[in-house]
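Student: Sequence unavailable; structure follows:
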DNA sequence: CCAATTACTAAACACTGTTTAGTAATTTTC
DNA sequence: GAAAATTACTAAACAGTGTTTAGTAATTGG
């Protein structure tokens, strides 16, 4: 086998691996993770179910691959904000970007932050978590920068970052599960679900603004 | 069949229904929800799997029953705080109770706030959600009471309640999934996981205190 | 040209939730 | 008290799942 053919084969093998991932992603988004079978993925790419296991050790490994992809997507949502020079404006932008990401990719959000399995894997695999850690570091650095401008006086940046992450994550999770819809819409008169979410976010921003000085 | 025997039979039938629920609950806590089979529940109560279906329509109906039970347990955690007269102290107590509930019953917490299925059911079944709504109303009433003492000036109590719920829920969820452990312990030096959680809660309390006046 | 490797799959295994058909035991009716 | 009806339960099957095994064609290297 000459080198050109060998290369083409390797490339094809990686293509198929990617094809499996893409099929899995679209099926997960369509039917949810639990309701997507290996057999369905196999049918979508027109291979036998057993072939999938030549490219991924098991179903979890597919989930882990999507997990990594998802975090890269989230971080890319943040990187657009590097242009914003004022750190508090950047912080607000990150909040909006986080919400937007959660709303636009509800299933990926579930995968990243609500499912047990992917995290169990990450816990045993410290090197794999780069992007997730980076997302938090971007946040805590921004918080620290805000402090140099007189915001958040007397707070530990790491601690406050956890509070902020908790709030944003809590809001997105409540939205994702439907709790916000159930409890919220009945109580927040004249607001639809998106408006309620925005209003809650704006309220939190005001809370943070009051911490100045 | 005389009345006494009829009554005993009805009672026995309800007992068995409860037995199934208890077996399911303990197995869910032990092995997690996805890994608990109807067959395992049946074996635990020493009946055949088919018998379960005489008492519950399907597996989801068992989950829904545990969902209702779980919310009652959560509300009972709050009701102890009726003695606390100062509303802000009561609010802090609710936060601590919420965290305590989430830590002591991680699987029930998942069931109540992180799983898709139970909420889908509640969405189609408006009357079944009493306890969940009540928990939120207790919160928003407490926030409103705080305002009469000069806290949270200029905030909508409902909106601020959503912020508070989001923060508490986000913190508990990040803890429950392991995200807090992964991101947190490496960064918060000399704090173990429980201390990190407490410290984050305390930071949030300070944030709320700064909103006074 | 033959042997070795590759890429793939049919079929099986051990599970899952759920349904069906049927069996004993009990209760009601005559 | 015997026959009929109801109750409480289950064995076995069905259709689905993730995963493994054994084997088959095709391609490649010597």
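Tutor: Perfect, thanks for sending it. As the structure is a computational prediction, the values presented were derived from the model and not from experiment. Numbering: from 1, shown residues only, chains lettered A, B, ... in the order given.

Student: Residues in contact with stretch A:108-125: which ones?
Tutor: A:28-29, A:33, A:60, A:63-64, A:66-67, A:70-71, A:73-74, A:101-102, A:128-129, A:132, A:169, A:172-173, A:176, B:32, B:114, B:173-174, B:177-179, B:181-182 (CB atoms under 8 Å, 6 or more residues apart in numbering or on different chains). C-betas here are computed from N, CA, C, even on glycine.

Student: Which members of these are classed as buried?
Tutor: Buried subset of these (neighbour count, 16 or more other CB atoms under 10 Å in any protein chain shown): A:28, A:33, A:63-64, A:66-67, A:70-71, A:74, A:101-102, A:129, A:132, A:169, A:172-173, A:176, B:114, B:173-174, B:177-179, B:181-182.

Student: In helices, which of the residues you listed fall?
Tutor: A:28, A:63-64, A:66-67, A:70-71, A:74, A:101-102, A:132, A:169, A:172-173, A:176, B:173-174, B:177, B:179 (DSSP state H).

Student: hang on, isn't residue A:144 packed against residue A:157?
Tutor: Yes. If you go by CB atoms under 8 Å, residue A:144 and residue A:157 touch, sitting 4.2 Å apart.

Student: State which one residue of chain A is found closest to chain B.
Tutor: Nearest to chain B in chain A, going by CB to the nearest CB, is residue A:170, at a distance of 2.7 Å.

Student: The lowest-mean-pLDDT helix or strand in chain A: which residues count as buried?
Tutor: Across the helices and strands of chain A, the lowest-confidence element by mean pLDDT, DSSP states H and E is helix A:116-123, at a mean of 74. With burial defined by 16+ other CB under 10 Å, the residues of helix A:116-123 counted as buried are A:118, A:119, A:121, A:122.

Student: now the residues you listed as a markdown table including distance to DNA strand C?
Tutor: Formatted as a markdown table, the buried residues of helix A:116-123 follow (distance: CB to the nearest atom of the strand, whole Å):
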| residue | distance to DNA strand C |
| --- | --- |
| A:118 | 21 |
| A:119 | 23 |
| A:121 | 21 |
| A:122 | 26 |
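
Student: which one of the residues you listed is nearest residue A:212?
Tutor: Checking these against residue A:212 by CB to CB gives residue A:119 as the nearest, at 35.2 Å.

Student: what's the distance between the closest one and DNA strand D?
Tutor: 17 Å (CB to the nearest atom of the strand, to the nearest Å).

Student: how far away is residue A:75 from residue B:137?
Tutor: Applying CB to CB, to the nearest Å, the value for residue A:75 to residue B:137 is 39 Å.

Student: next one: residue A:168
Tutor: In this view, residue A:168 and residue B:137 are 24 Å apart by CB to CB.

Student: Which one of the two is surrounded by more residues?
Tutor: Neighbour count, other CB atoms under 10 Å in any protein chain shown: between residue A:168 and residue B:137, residue A:168 has more, with 23 against 13.

Student: Surely that one touches residue B:169?
Tutor: No. The pair residue A:168 / residue B:169 is not scored as a contact, 11.3 Å apart, by CB under 8 Å.

Student: start to end distance for stretch A:83-91?
Tutor: Using CA to CA, to the nearest Å, the end-to-end distance of stretch A:83-91 comes out at 12 Å.

Student: Return the set of buried residues in that stretch.
Tutor: A:87, A:88, A:90, A:91.

Student: so, if you compare these, which one comes nearest to residue B:83?
Tutor: Distances from residue B:83 to the buried residues of stretch A:83-91, taken by CB to CB, are shortest for residue A:91, at 39.3 Å.

Student: host element of the residue nearest to that closest one when sequence neighbours are not counted?
Tutor: Distances taken as CB to CB, 6 or more residues apart in numbering or on different chains put residue A:142 closest to residue A:91, at 5.1 Å, once the chain neighbours are dropped. Taking DSSP states H and E as the criterion, residue A:142 maps to helix A:130-148.

Student: go on, residue A:152?
Tutor: In the assignment (DSSP H and E), residue A:152 maps to no helix and no strand.

Student: neighbours of it, just the number please.
Tutor: By the criterion of other CB under 10 Å, residue A:152 has 22 neighbours.

Student: Also residue A:199?
Tutor: Residue A:199 sits with 18 neighbouring residues when counted by other CB under 10 Å.

Student: before we move on, what about residue A:124?
Tutor: So residue A:124, with other CB under 10 Å, has 8 neighbours.

Student: What residues does the residue lying closest to residue A:180 once chain neighbours are set aside make contact with?
Tutor: Once flanking residues are discounted, residue A:180 sits nearest to residue A:174: 4.3 Å by CB to CB, 6+ apart. Counting by CB under 8 Å, 6+ apart, residue A:174 makes contact with A:180, B:113, B:165, B:166, B:169.

Student: Generate CSV for those, with distance to DNA strand C and pLDDT as supplementary columns.
Tutor: Below are the contacts of residue A:174 laid out as CSV (distance: CB to the nearest atom of the strand, whole Å; pLDDT from 0 to 100):
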residue, distance to DNA strand C, pLDDT
A:180, 28, 92
B:113, 22, 93
B:165, 32, 98
B:166, 33, 98
B:169, 28, 98
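
Student: who wins for neighbours among the residues you listed?
Tutor: For the contacts of residue A:174, the largest number of neighbours (other CB under 10 Å) sits with residue B:166, at 26 neighbours.

Student: State the number of residues packed around the residue of chain A closest to chain B.
Tutor: Residue crowding around residue A:170 was assessed by other CB under 10 Å; the count is 27.

Student: Tell me the pLDDT of it.
Tutor: The model reports residue A:170 with a pLDDT of 98.

Student: what about residue A:26, distance to DNA strand D?
Tutor: 15 Å.

Student: Quick check: closest non-adjacent residue to that residue.
Tutor: residue A:44 (7.7 Å).

Student: so how far is the helix or strand hosting that neighbour from its chain's centroid?
Tutor: Assigned by DSSP H and E, residue A:44 belongs to helix A:38-45. Remark: helix A:38-45 is offset 25 Å from the chain centroid, using CA atoms, centre = their mean, to the nearest Å.

Student: Would the next helix or strand after that helix count as contacting DNA strand D?
Tutor: As assigned by DSSP H and E, the chain's next helix or strand after helix A:38-45 is helix A:49-55. Yes. Helix A:49-55 reaches DNA strand D (CB under 7 Å from any atom of the strand) through A:49, A:50, A:53.

Student: Nothing else from me, thank you.
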